[in-house]
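Visitor: predicted model and sequence follow; I will ask about them next.
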Protein chains: 2
Amino acid sequence: MLIEQEDKVRTELWRVSQHMLELKSSIIREILKISSQPGVISFAGGLPAPELFPVEELKEVAAHVLDTYGPNCLQYSVSRGIVPLREELAQRAEKIGIPTTPNNILICSGAQQAIEVIGRTFLEPGDYILTENPTYVGALQAFNCYQARYAPVEMDEEGMIMDQVAEQIERYKPKLVYTVTNFQNPTGITMSLKRREQLVEICSNFNTPIVDDNPYGQIRFDGEEVRDIKAIGGDQVISLSTFSKTLAPGLRIGWMNGAEDMIAIFEKVKQSTDLHTSTFSQFICYEFVHQGKLDRQIERIKPDYRRKRDTMLQAMRDVFPEGIKWTEPEGGLFLWVELPKHMSAKDLLPKAIDLKVAYVYGQPFFPKGDGENTLRLNFSNATLEGIVEGITRLGKLFAENM
Amino acid sequence: MLIEQEDKVRTELWRVSQHMLELKSSIIREILKISSQPGVISFAGGLPAPELFPVEELKEVAAHVLDTYGPNCLQYSVSRGIVPLREELAQRAEKIGIPTTPNNILICSGAQQAIEVIGRTFLEPGDYILTENPTYVGALQAFNCYQARYAPVEMDEEGMIMDQVAEQIERYKPKLVYTVTNFQNPTGITMSLKRREQLVEICSNFNTPIVDDNPYGQIRFDGEEVRDIKAIGGDQVISLSTFSKTLAPGLRIGWMNGAEDMIAIFEKVKQSTDLHTSTFSQFICYEFVHQGKLDRQIERIKPDYRRKRDTMLQAMRDVFPEGIKWTEPEGGLFLWVELPKHMSAKDLLPKAIDLKVAYVYGQPFFPKGDGENTLRLNFSNATLEGIVEGITRLGKLFAENM
């Protein structure tokens, strides 16, 4: 308590902006701290499987980059991102039907920075954003910095319910629609083709930009690819992606793909925040893609994640008591659990931690704080044995508290 | 013109925040684009000498990091920065008389991000910041995002004039004082010990935090070290530094050193913008410091930069016409030129570019846009021959326009 008091004194003396004082640290990151204690089986983070990181390949690539580009890969570089990487990313977008030139691409420090730059560019205090309900908590955290308000829309197994979208846009005139169309974080739901087309149509009519945060789209291990919403919506859509889930999050390389004139504005905004993203990391990603290593890496990840998802689903079927529902995503890193209405996933978390198993309760993903009976499970990070053991412990805990 | 029109249409449709539309791209970065054309001798950027980058050592260190830390150096990590790097930086601060624990350190994506995070934490639209006149243009760009206003203070060869500081604080109640005490960008001026003590005293009396942006302090190649202002002011001072000028800017690793409770707030703010800074870059910097390579690298840089500065100063004495004044800094990367009052460094720049030599004119460094007769010269990036040739061309140009 002493620290909190001192905190208050100094920050009052120094006149820190009030809404920054009130900014909450990400609950997920707090839970991650707890769940990283030794012996805890963690389904909490959004961490890729560390055993799949291509450590040896990256060693080769890093050496190759330094040999080939020398000082250039260590120097300041342009805010938009190095040209060869933007060229590769443009080509990859073209392959899935998105007309793209390097001028449509802005390299960011992770997709998180792309979200933050978009928030900063659009939002004035009190502006509305339309999101799925629930949605990615890191996006809420970024938008909260700009004192955003939310118009959340319910989902079914096909994604956002479009009647609600039109209604909410008409009512709240949101500055943008923020969606995670593929293997959504936190629910694992993928928006159907029909809904994508409808969303583009509605947003075109209302001149509302769509931000599609798409870190997981490349990690589909079941079912059929759904046409990318940017391939449908063109300049109406700003698409975000990242190397964090396919290569390695520690490089902090993400990007956005948008209309040239918007990218020019986003570039200025990004420039003021950190000049540019690590030149060295960018060259490493470029070479990793260019040498064909990324596609091979993605193919290596998929069967492993499928096996982990299957293991988790089977364990859930085996041990979870009746009355609990969950999603069965065809890709990505997460699935979503709904306990019976009277149960609180938040209240159960400390008991789960006592049992040495961690998850993230659902509430922080809801812009308005509902969803007390929900929780998110990550299946990419734990081992197969860990998954079975952890789900067994959770099943027991839930059964005792039904 | 077509593009500008389209730009206007879409950004109006999409309701981009007005002050973001008005945000200016850094003039330095625009000049850099021109000056990177082949054949141009550039004194424009703040680019370290590329020939001094320790490319081979970094190759070894990168391989060592991947061998030693494996997946850990590629995974998500805590927002505050990896512990071993914060420990090393704390120890280095202790060595120059600043009591520091790892909890006083926040790793940022370059010192630019540290400025941005501080701006975001403190500023509401219309708030004042006290700065040197002129000051670092990237700080102005970051603070402008928050619609800051400025209380600039004139400098003499000892730095800010303290009577003006007290006066401006009393009058404008700035949220913070932003200063570059060592080898200031753009002037090369170092604040004297006496002035540092006075600044701390004044700011303590007014409860005004001091942000000392210190990227150049480690690159002193002449004269005597002046006691670090954070060693004098303690928690009154937030100190920013970076690996950009000592190791390599392309890694984008900077940090701040501040009171624990403030660092906790800054950490939350940073978290919302990019989760954390590149884990891989952080481990590389950690090993580079830990293995003693950074200190050796700094000793390698100094004589080279001294030689470049001396060469530039000698050439200026040889060829600049009477009536032109300049600073003679004892470290850092820049010196500052004052032409006679009636001359415009901005108007002369296109002519200089025609002569294949580039500089940055002074105006953008002045919060209120004065200083039309001033310009900044960088001496770290060009070769010795380039320096002589470039200064000779500038001397001729100035003489013709006196």
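Guide: Nice, I can see it.

Visitor: from here on, just use CA atoms for contacts and neighbour counts.
Guide: OK.

Visitor: just give the number of residues close to A:R296.
Guide: 11 (other CA atoms under 10 Å in any protein chain shown).

Visitor: now do the one 3 residues further on
Guide: Counted by other CA under 10 Å, the residues lying close to A:E299 total 16.

Visitor: do A:K95 as well
Guide: Neighbours of A:K95 using other CA under 10 Å come to 11.

Visitor: what distance do you get for it to A:L106?
Guide: To A:L106, A:K95 is 18 Å away according to CA to CA, to the nearest Å.

Visitor: residues touching the residue of the stretch 101-250 of chain A found nearest chain B, list them.
Guide: Of all residues in the stretch 101-250 of chain A, the one sitting closest to chain B is A:G250 (4.1 Å; CA to the nearest CA). Residues in contact with A:G250 (CA atoms under 8 Å, 6 or more residues apart in numbering or on different chains) are A:244, B:73-77, B:278-280.

Visitor: can you give me the buried ones in stretch A:386-400?
Guide: A:386-395, A:397-398 (16 or more other CA atoms under 10 Å in any protein chain shown).

Visitor: what confidence value was assigned to A:L13?
Guide: What the model reports as pLDDT for A:L13 is 73.

Visitor: ok, the residue of the stretch 1-150 of chain A found nearest chain B - contacts?
Guide: Closest to chain B within the stretch 1-150 of chain A is A:L74: 4.1 Å, counting by CA to the nearest CA. A:L74 is in contact with A:279-280, B:53, B:248-251, counting by CA under 8 Å, 6+ apart.

Visitor: what is the burial count for the nearest residue to A:F334 once chain neighbours are set aside?
Guide: Excluding the flanking residues, the one nearest A:F334 by CA to CA, 6 or more residues apart in numbering or on different chains is A:N378, at 4.5 Å. As a burial measure, A:N378 scores 28 neighbours (other CA under 10 Å).

Visitor: contacting residues around A:N378?
Guide: Counting by CA under 8 Å, 6+ apart, A:N378 has contacts A:42-47, A:333-335, A:359.

Visitor: hang on, A:V269 in a helix?
Guide: Yes: the assignment for A:V269 is a helix, going by DSSP: H, G, I helix; E, B strand; the rest coil.

Visitor: quick one: contacts for it?
Guide: A:117, A:120-121, B:20, B:23.

Visitor: just A:V117 next, same as before
Guide: Per CA under 8 Å, 6+ apart, neighbours of A:V117: A:266, A:269-270.

Visitor: got phi/psi on A:C145?
Guide: phi -60, psi -30 (degrees, to the nearest 10).

Visitor: just checking, it touches A:L21?
Guide: No: the pair A:C145 and A:L21 does not pass the contact test of CA atoms under 8 Å, sitting 10.3 Å apart.

Visitor: those two: who's more crowded?
Guide: A:C145 (23 against 17).

Visitor: next up, the contacts around the more buried one.
Guide: By CA under 8 Å, 6+ apart, the neighbours of A:C145 are A:19-20, A:23, B:272.

Visitor: show the buried residues in those residues.
Guide: Judged by 16+ other CA under 10 Å, buried ones among those: A:20, A:23, B:272.

Visitor: a markdown table please, covering the residues you listed and showing distance to A:D228.
Guide: Formatted as a markdown table, the buried ones among the contacts of A:C145 follow (distance: CA to CA, whole Å):
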| residue | distance to A:D228 |
| --- | --- |
| A:M20 | 36 |
| A:L23 | 34 |
| B:S272 | 27 |
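
Visitor: just give me the least confident of those.
Guide: A:L23 (77).

Visitor: distance of that residue relative to A:S17?
Guide: Distance from A:L23 to A:S17, by CA to CA: 10 Å.

Visitor: what do you get for A:F266?
Guide: From A:F266 to A:S17 the distance is 24 Å (CA to CA).

Visitor: kindly report the same for A:Y172.
Guide: 27 Å.

Visitor: now do A:E197
Guide: Taken as CA to CA, the span from A:E197 to A:S17 is 41 Å.

Visitor: which one of those two has more residues nearby?
Guide: Neighbour comparison, A:E197 and A:S17: the larger count goes to A:S17, with 17 against 14 (by other CA under 10 Å).

Visitor: excluding its backbone neighbours, what's nearest the more buried one?
Guide: B:F122 (4.9 Å).

Visitor: contacts only, for the one you found.
Guide: B:F122 touches A:15-17, B:175, counting by CA under 8 Å, 6+ apart.

Visitor: among the contacts of A:G250, which one has the most neighbours?
Guide: B:S278 (32 neighbours).

Visitor: what about it, distance to chain A?
Guide: 5 Å (CA to the nearest CA, to the nearest Å).
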